[in-house]
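[1] got a predicted structure plus its sequence, pasted below:
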Amino acid sequence: MDILNHPALRRALAERVRYYNELGIYDFYRRDRTIEPATSVAIEVESENAASPQPELREEMSPRKSAVAVTATDENILEIVTSKPEQGISDPVVALKLIREDLGDCTRCKLHQQGRKQIVFGVGNPRAELMFVGEGPGADEDAQGEPFVGRAGQLLNNMIKAMGLQRESVYIANVVKCRPPGNRTPERDECETCSPFLMRQIAVIKPKIIVALGAVAAKNLLAINAPMSELRGRFYDFMPAGARSTDPSWQGAKLAVTYHPAFLLRDPRQKGEAWKDLQMVMKYLGLKLPNQSV
């Protein structure tokens, strides 16, 4: 049976691929059609479920692994389903706008039913060399529609200023774009549902360095098991999962981990450690190291 001439099978395949896209799975591998029937679909996904850790605690997150194989008689079917509206757009301003439009009035996870006022997409320079990623919006962010505008945001502004930069020159976003009720830690399924949009933002902005603010952001971006004490103090090679950059010369970003500003407000003794992390980032970017600290 030719899948191209069977609308029901085409729709079923498209829905299945779209489902895995929303889980953050974008790479599909074609099997030799001489081995498998043309209409067969083989999908294997391994996922260890674990609750998202509280910020800055030593709880570990299980790494996510996925292997997906899809067989169809026409590769264009998958290309249509998996292509994104920003692909092929070289202007990051336009590309980010398309991602925001694709996100829409998102109802993909339960956070849209738990009191959010609006989606907090991201803010800053769409061509930024430096990008900060937190875990999720708080009450002030939910009210204003912009990440890091409350007390933690004021401290982040001071951190950026101490680096000799302005807030407008960097890009700021979160792993999840809706406020979890009571400012609780985003749950794993919420992070996995929302993070593909963050990955697409990163692929469009093409930063030199990403700074993960806190354990939730670090562990969702890196998908590795480690406490904050081990995550900090080094760079990681980072390529956004499942997203494509329009610039073939961009080979990904360096990723550094530091404490979330909200944690620093609760434990100011750790500001000196956070400043060490920022100085490491500044050195990589070739910024002058001032005497000022956070």
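    Great, that's in hand.
[2] in what helix or strand does residue 141 lie?
    Here residue 141 sits within helix 139-144, counting by DSSP states H and E.
[3] typo on my end, residue 173
    Using DSSP H and E, the element containing residue 173 is strand 171-174.
[4] mean confidence for the helix holding residue 141?
    The pLDDT scores in helix 139-144 average 97.
[5] sorry, back to before: would you mind listing the buried residues in the helix or strand that comes right after the strand holding residue 173?
    Next helix or strand after strand 171-174 toward the C-terminus (DSSP H and E): helix 188-205. For helix 188-205, the neighbour count (16 or more other Cβ atoms under 10 Å) marks 188, 190-205 as buried. The way it works is simple: take the backbone N, C-alpha and C, and place the C-beta from them, glycine included.
[6] now do the helices in the stretch 101-250 of the chain.
    For the stretch 101-250 of the chain, the helices defined by DSSP state H, counting those that start in this stretch cover 139-144, 151-162, 188-205, 215-222, 228-231.
[7] kindly format the C-alpha coordinates of the second one as CSV.
    Going back to what we said before, that points to helix 151-162. Provided in CSV are the C-alpha atoms of helix 151-162 (Å, rounded to 0.1, in the frame of the first residue of the first chain):
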residue,chain,number,x,y,z
ARG,A,151,13.5,41.3,42.8
ALA,A,152,15.5,38.5,41.2
GLY,A,153,15.4,40.4,38.0
GLN,A,154,16.8,43.5,39.6
LEU,A,155,19.7,41.4,40.9
LEU,A,156,20.2,39.9,37.5
ASN,A,157,20.3,43.4,36.0
ASN,A,158,23.1,44.3,38.6
MET,A,159,24.9,41.1,37.6
ILE,A,160,24.8,42.0,34.0
LYS,A,161,25.9,45.6,34.7
ALA,A,162,28.8,44.3,36.8
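[8] tell me how far it lies from the chain's centre.
    21 Å (Cα atoms, centre = their mean, to the nearest Å).
[9] how about residues contacting that helix?
    Helix 151-162 is contacted by residues 132, 138, 140-141, 147-148, 166-167, 170, 172, 213, 260-262, 264-265, 274-275, 278, 290, 292-294 when judged by Cβ atoms under 8 Å, 6 or more residues apart in numbering.
[10] give me the subset of these lying in strands.
    Mapping the contacts of helix 151-162 onto strands (DSSP state E) picks out 132, 172, 213.
[11] ok, so of those, who is nearest residue 226?
    When these are ranked by distance to residue 226 (Cβ to Cβ), residue 213 comes first, at 16.1 Å.
[12] which residues does residue 277 contact?
    Contacts for residue 277 (Cβ under 8 Å, 6+ apart) come out as 211, 232-233, 256-259.
[13] next one: residue 207
    So residue 207 contacts 128-131, 171, 253 (Cβ under 8 Å, 6+ apart).
[14] run through the residues that contact the closest residue to it other than its chain neighbours.
    Once flanking residues are discounted, residue 207 sits nearest to residue 131: 4.1 Å by Cβ to Cβ, 6 or more residues apart in numbering. Residue 131 makes contacts with 124, 170-173, 202, 205, 207, 209-211, 253, as judged by Cβ under 8 Å, 6+ apart.
[15] what about the stretch 151-294 of the chain, any weak spots by pLDDT?
    Low-confidence segments of the stretch 151-294 of the chain (pLDDT under 70): 291-294.
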